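**Student:** Sequence plus predicted model, see below.
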Amino acid sequence: MSEELFREDSYLKSCEAKVVTSVDGGIELDRTVFYPSGGGQPGDSGIIRTQYGSELSVIDTLKGENGAIIHVLAEDVTTIPKVGDMVTLEIDWDRRFKHMRMHTTLHLLCALVDGSITGAQVGAEKSRVDFNISESPDKEKLGQDLNRLIKENHPVSISSISDAELDANPDLVRSLSVSPPRGSGSVRIINVDGVDLQPCGGTHVAATGEIGAVRIGKIENKGKQNRRINIHLVE
Ligand SMILES: [Zn+2]
């Protein structure tokens, strides 16, 4: 099981780590700043520097078995580090920060749309989220409300509650497509102060102002009880 440094501090861009397993095409480390694909958020990419001075390209990060986090190496990587080697990890921060901005935007949307999430995909260029609603929200008003919540710069904080407390408060769960990050006896809770509170394992910005301006793209009719909202960052 890797120590997941990104859970406590999503702003960590690099760390030192020790190679735990090294398999064809991927390596596992004792700790990492790389977020593994999950909850609609893509896995991080970046580089691993070995103690011998070579730089390996990480093209994706995935969850393996028993809590393992697999750093997927580019196909042209020939020198794979050995178990026990010390390496330096560095994520592609530009891409990850966009994921954090987008992901936090989805929490704000939950506060503005009266429905549950049935699917979501965060991307650096575009994100989409499906809600189980039968009427499309007013696009212009939604965009205005979203940008107002961003500008109000609400702090985002991390806490945890027990599995039993979550069971006693089922309304906290806003996503029907991603189950809360249970299993360790406690569940990670993300609080966008005064706006949204829900279990989530992803990476978020520290305050909503960091998201910057966003634009609502197409709102698509994906069935009787499903509307897909597309979101873009305004650079
Ligand atoms: Zn989240």
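**Tutor:** Good, I have the coordinates.
**Student:** I figured residue 156 hits residue 189, correct?
**Tutor:** No. Using C-beta atoms under 8 Å, residue 156 is not in contact with residue 189, being 11.2 Å away. Quick note: C-beta positions are derived from backbone N, CA and C, even for glycine.
**Student:** Most remote residue from the middle of the chain, which is it?
**Tutor:** Outermost residue of the chain with respect to the C-alpha centroid, by C-alpha atoms, centre = their mean, is residue 52; its distance is 31.9 Å.
**Student:** you'd agree it is up against residue 80?
**Tutor:** No. Under the criterion of C-beta under 8 Å, residue 52 is not in contact with residue 80, lying 11.5 Å apart.
**Student:** related to what we said a few turns ago, and the residue farthest from the centre of the chain, how far from residue 24?
**Tutor:** Using C-beta to C-beta, to the nearest Å, we find residue 52 at a distance of 20 Å from residue 24.
**Student:** cool, and residue 200?
**Tutor:** From residue 200 to residue 24 the distance is 33 Å (C-beta to C-beta).
**Student:** Looking at these two now, which is surrounded by more residues?
**Tutor:** residue 200 (25 against 6; other C-beta atoms under 10 Å).
**Student:** Contact partners for that one?
**Tutor:** Residues in contact with residue 200 (C-beta atoms under 8 Å, 6 or more residues apart in numbering) are 39, 107, 180-181, 188-190.
**Student:** Centroid-nearest residue for this structure?
**Tutor:** residue 202 (3.4 Å).
**Student:** Let me see the contact set for that one.
**Tutor:** Contacts of residue 202 (C-beta under 8 Å, 6+ apart): 35, 38-41, 103, 122, 190.
**Student:** Compute the first-to-last residue distance for stretch 8-25.
**Tutor:** End-to-end distance for stretch 8-25: 28 Å, by C-alpha to C-alpha, to the nearest Å.
**Student:** wait, does that stretch contact the ion?
**Tutor:** No. Stretch 8-25 is not in contact with the ion by C-beta under 5 Å from the ion; minimum separation 10.1 Å.
**Student:** Show the average pLDDT along that stretch.
**Tutor:** In this model, stretch 8-25 has an average pLDDT of 93.
**Student:** Only the buried residues of that stretch, if you could.
**Tutor:** 10, 15, 17, 19-20, 22 (16 or more other C-beta atoms under 10 Å).
**Student:** Residue of this structure closest to the ion, please.
**Tutor:** residue 200 (3.2 Å; C-beta to the ion).
**Student:** Would you map out the domains in the chain?
**Tutor:** 3-91, 96-233 (automatic domain parsing).
**Student:** any residues touching the helix or strand of the chain with the lowest mean pLDDT, and which ones?
**Tutor:** Lowest by mean pLDDT, DSSP states H and E among the helices and strands of the chain is helix 163-168, with a mean of 85. By C-beta under 8 Å, 6+ apart, the residues outside helix 163-168 that reach it are 172-173, 180, 182, 185-187, 199.
**Student:** What parts of the protein come near the ion?
**Tutor:** Proximity of the chain to the ion, by C-beta under 5 Å from the ion, involves residues 200, 202.
**Student:** For the chain, give me the ranges with low pLDDT.
**Tutor:** Scanning the chain with the threshold set as pLDDT under 70 gives 181-183.
**Student:** circling back: so who does the residue farthest from the centre of the chain touch?
**Tutor:** Residue 52 touches residue 79, counting by C-beta under 8 Å, 6+ apart.
**Student:** Next, it: secondary structure please.
**Tutor:** coil (DSSP: H, G, I helix; E, B strand; the rest coil).
**Student:** what's it sitting at in phi/psi?
**Tutor:** phi -100, psi 0 (degrees, to the nearest 10).
**Student:** Surely residue 91 and residue 45 touch.
**Tutor:** Yes. Between residue 91 and residue 45 there is a contact at 7.4 Å, judged by C-beta under 8 Å.
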